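Asker: generate a structure from the sequence data that follows.
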Amino acid sequence: MDIDRVCGLHNHPLVEHLEGHSYVGRLSKDEKALLMDMSKSMVRPKEILVTLKQRDTLKVSTLKTIYNVRHRNRVVQRAERSQMQHLLGELAKYNYIERHRSEESMMTYETVDNYAWVLATLRDVMDGFVVPTVIVTNRELALMNAIQKIFPSARHLLCRWHISKNVLTKCKKMFETQQKWEKFNHEWNSVVYSSFEIQYEERLKLLLKEFSSYPNAVKYVMDTWAESAHAKLKRQLGSCQVSFQASFEKIHSLLELQHTNIKASFEKSLTVVQHQFKPSQFRELWGNVSISALEYLLVESKRANSIGIDVEACGCVLRHTHGLPCAHEIADYIRQDRHIPLATIHSQWRQLHISICKKEEETEVTCHAEVELFVNKFNESDRTMRLELLKKLKEVVYLGSTFLVESEVKPKTRPRDDLSHLVC
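Answerer: Just a heads-up that it's a prediction; the model follows:
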């Protein structure tokens, strides 16, 4: 057989573009580290590639390069373990509480037995520290039956889609007058705070009829519903067809961000009194309940102006669902010239720190050691420091005497036309 030797080096012309050649497009050690950090931060492969090319304009890597590096890194992390073994290892690594059971069948079904096992496991993990008084679910019959079996004393509510604040803010721009917008906002809130389904449907029909001349606004609030945490999780996962490892990474990142936000909200609740919460009825709650609770109460206090102490008109939705004073209760406190008592707020809203709880019956809570430390500190201090310590003690003992108030914002003034203000 005759073989013709065309060239000792190449048998094809030199390439014009190096994109697609794996060796030329390989990543450096630093680039791989950056890629993995961005992947952990839920940055999409396409955006990772753009970042790498911005750092090095001569980079010829492709999306396939990004996917290959991520895959190899996951293989190394698993260390020849199965996906389930790796998942259990990650759960243990980050101190998650994990329970599992095996099913003989490869198929899983949403049965009462499965839901009951999950809820019973959740109850055991709580171990009596916190027992849910309200459980909100969709209309999954098997789940509803399991809740009745495992948490018979809990109030079970079916979730109703709720609209986010920014939706109403954007909707406001669709009205030509402030008066018309306020009326729409009031009518919409009456729909949201309906006590039962028939009332909800009746109020919704009235809203649609009264504001038929504003079809864009009505359509906007009807179409732009939010699913809260469930929707966040679905957006984070992106697809239901992802591996255990990828799912864990995304869920863990979401929980870490939520954990950070919760701690930040606790600190803000403890140290800042925002201007809208300065009315006297909130005084006893400053620094003692979460800002989220105050926001709910602020809305209820506005409803109280029109509802008064009429229990039937109030509906008491906030009291039943959130454990917070509803409109008619707040109206009664205002009528008596009283603050909203801290004791009327469910303990959930008064928990402003994250800590491992201990059962009250197992540990007796005393203040003897702390009081002794305070007395020693007080006796060792000069007059100025003693006054400061007493001031702080008063804040703790008298809940309405906190000095933590957000500073006033001074309005911007226009400069004067003359130059007299420049004269010393």
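Asker: tell me, how many residues neighbour residue 39?
Answerer: As a burial measure, residue 39 scores 19 neighbours (other Cβ atoms under 10 Å). (Each C-beta comes from the backbone N, C-alpha and C, glycine too.)
Asker: now do it against residue 45, distance only.
Answerer: 8 Å (Cβ to Cβ, to the nearest Å).
Asker: so which strand or helix has residue 145?
Answerer: Element membership of residue 145 [criterion: DSSP states H and E] is helix 141-150.
Asker: show me where the stretch 51-200 of the chain dips below the pLDDT cut-off.
Answerer: Applying pLDDT under 70 to the stretch 51-200 of the chain picks out residues 103-110, 128-129, 158-171, 192-198, 200.
Asker: those helices in it, which residues are they?
Answerer: Assigned by DSSP state H, counting those that start in this stretch, the stretch 51-200 of the chain shows helices spanning 63-78, 83-93, 112-126, 141-150, 165-172, 178-192, 197-210.
Asker: residue 314 and residue 326 touch, don't they?
Answerer: Yes. Using Cβ atoms under 8 Å, residue 314 is in contact with residue 326, at 5.4 Å.
Asker: coming back round to it: between the helices of the stretch 51-200 of the chain, which one is nearest to residue 304?
Answerer: Relative to residue 304, the nearest member of these by Cβ to Cβ is helix 178-192, separated by 12.7 Å.
Asker: now do that closest one and helix 197-210, the angle between them.
Answerer: Angle of helix 178-192 versus helix 197-210, following axes from the mean of the first three to the mean of the last three Cα atoms, to 10 degrees, is 160 degrees.
Asker: list the helices and strands helix 178-192 packs on?
Answerer: Contact here means 3 or more Cβ pairs under 8 Å, 6 or more residues apart in numbering; DSSP states H and E; on that basis helix 178-192 packs against helix 165-172, helix 197-210, helix 291-307.
Asker: can you redo those as a markdown table with mean neighbour count and distance to residue 150?
Answerer: Shown next, in a markdown table, are the helices and strands packed on helix 178-192 (neighbours: other Cβ atoms under 10 Å; distance: least, Cβ to Cβ, whole Å):
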| stretch | mean neighbour count | distance to residue 150 |
| --- | --- | --- |
| helix 165-172 | 14 | 34 |
| helix 197-210 | 13 | 26 |
| helix 291-307 | 18 | 27 |
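Asker: any chance of JSON lines for these, columns distance to residue 88?
Answerer: Output for the helices and strands packed on helix 178-192, formatted as JSON lines (distance: least, Cβ to Cβ, whole Å):
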{"stretch": "helix 165-172", "distance to residue 88": "39"}
{"stretch": "helix 197-210", "distance to residue 88": "43"}
{"stretch": "helix 291-307", "distance to residue 88": "34"}
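Asker: thanks a lot, catch you later.
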